[in-house]
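[1] okay, sequence plus prediction incoming.
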Amino acid sequence: MLAVQEHGAPEGIYSHQGAHLFFAASMGLLIFWLRQRRLVREPGWRCIQYAALFFILWNIDAFTAHFLDEQSGVLDTVMAAPGKIKIEVDENLIPLAWLYYMAKLDHVLCVPAMLFLYAGLRRLLKDAGRRRAGAGSP
């Protein structure tokens, strides 16, 4: 439950939330750019496109978790026992508590993003090595 960290109020959270929005927009622009130039035909760039998509989803998820945790004021988290947190909300906001719980599992989106990025960069490096080796041949 501690994967999404809290930030100092109010400047820390505002700048951090802005960074999430900027990162998500940047990844959207990267996907647009990759598709415009038809680079996604190559496996390495296609993996990077998937990484960007997962980074967009991760940023939206983290933004939502931060908002619910630190800005909305509709829920509160209490340490119930070591390693156990209780989400306290009004009875009519139970679905919001579930949304918050799911949003706190942001690693489910961030880890695949990093794996796709790694796979894409690795593939691009491998393809560049092949081209370089092929260019050196008579």
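    Yep, that arrived.

[2] three-state assignment of the residue nearest the centre of the chain?
    Nearest to the mean C-alpha position of the chain, counting by C-alpha atoms, centre = their mean, stands residue 58 at 2.4 Å. Classification of residue 58 by DSSP: H, G, I helix; E, B strand; the rest coil places it in helix.

[3] ok, it - contacts?
    106, 109, 110, 113 (C-beta atoms under 8 Å, 6 or more residues apart in numbering). For the C-beta atoms, the positions are set from N, CA and C on the backbone; glycine is no exception.

[4] can you check residue 114 too?
    residue 51.

[5] pull out the buried positions in the helix or strand containing it.
    For residue 114, the host element (DSSP states H and E) is helix 107-136. Within helix 107-136, the residues that qualify as buried are 109, 110, 112, 113, 116, 117, 119, 120, 123, 124, counting by 16 or more other C-beta atoms under 10 Å.

[6] next: stretch 68-75.
    Buried residues in stretch 68-75 (16+ other C-beta under 10 Å): 68, 69, 70, 75.
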